[in-house]
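Novice: Dropping a prediction and its sequence here:
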Amino acid sequence: MRKLAVLFSLLVVALAFSGSAFAHNCSSVPYFVSPNSYEYEANDLTTYGDYDCWSPTTDLYWGYTSCLTYGVYTGSMYQHLRQTINVGASDSGTSSWTLTYKYDFTSSGGYWNDQISATVTVLHNGQYYTYSTGHNGTQGNVACGTGTLNFTAYNGDTISVDIALHRSDTGTSVAVTQVHIRRTAS
């Protein structure tokens with residue numbers, strides 16, 4: 001009986017550790033990605049569960065997009081993906097930042113209400129600065145489009161990223177993948 005208890009305890013410990021191996025690290029620690037930029041977004045929505053690091057995650061689904069990768073799409077009519085980054089006081093880089101993302105967009109009726117949009121809000125010295133970009137149904141359908149948004153932030157600032165997926169009916173599909181938040185290197 002004692003051997004059975006020990007084996008059961010080992011099994012519980014093994015399961016606990018194996019489960020944590022699949023957990024996502026949601027920290028936004030910058031890492032050097034090229035001679036000219038630092039990446040602040042490790043959860044780029046291309047791997048299952050990346051959207052766990054974005055909030056809220058209700059009615060989001062993960063699957064294949066025409067961008068030849070995986071990403072998330074919404075099952076509801078109105079969904080946001082949000083993430084906040086606190087820029088370290090001693091982080092390297094300039095004040096020039098870029099948010100990029102890939103998206104697939106099909107508006108069944110060509111409606112303005114069918115949208116994908118990205119908004120970046122920077123809290124700098126007690127002031128909020130807002131930057132935004134997007135695409136709507138009146139602009140046509142897009143397979144594997146690229147959204148780009150340049151913005152300014154400094155060490156000690158707080159950056160909030162909001163990606164909104166809006167559908168006017170179930171015939172519309174909006175998917176996003178390959179989200180990158182990069183700071184230009186010094």
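Specialist: Cool, the structure landed.
Novice: Does the closest residue to G93 other than its chain neighbours have any beta-bridge partners, and if so which?
Specialist: Nearest residue to G93, sequence neighbours excluded (C-beta to C-beta, 6 or more residues apart in numbering): R183, at 3.9 Å. Bear in mind the C-beta positions are built from the backbone N, C-alpha and C, glycine included. Beta-bridge partners of R183, counted by DSSP bridges, are Y38, W97.
Novice: From what I see, R183 and Y40 are in contact.
Specialist: Yes - if you go by C-beta atoms under 8 Å, R183 and Y40 touch, sitting 6.4 Å apart.
Novice: Overlap in contacts, the two.
Specialist: With contacts defined as C-beta atoms under 8 Å, 6 or more residues apart in numbering, the residues adjacent to both R183 and Y40 are P30, V87.
Novice: Show me the helices in the protein, by range?
Specialist: Ranges of helices in the chain, per DSSP state H, are 2-21.
Novice: Return the helix or strand in it with minimum mean pLDDT.
Specialist: The weakest-scoring helix or strand in the chain, judged by mean pLDDT, DSSP states H and E, is helix 2-21 (a mean of 35).
Novice: Tell me which residues touch V142, please.
Specialist: Y103, D104, F105, H135.
Novice: Tell me how far the first one lies from A164.
Specialist: The one in question is Y103. Remark: distance between Y103 and A164 (C-beta to C-beta, to the nearest Å) = 11 Å.
Novice: Kindly report the same for the last one.
Specialist: Counting by C-beta to C-beta, the gap from H135 to A164 is 11 Å.
Novice: so what sits against both of these two?
Specialist: Q115, I116, S117.
Novice: From these, which land in strands?
Specialist: Counted as lying in strands by DSSP state E, out of these, are Q115, I116, S117.
Novice: Tell me, how many residues neighbour the closest residue to the last one other than its chain neighbours?
Specialist: Put plainly, it is S117. What sits nearest to S117 in space, not counting adjacent residues and going by C-beta to C-beta, 6+ apart, is G134, at 3.1 Å. Counted with other C-beta atoms under 10 Å, the neighbours of G134 add up to 16.
Novice: Wait, N141 touches T106, no?
Specialist: Yes - with contact defined as C-beta under 8 Å, N141 reaches T106; the gap is 4.9 Å.
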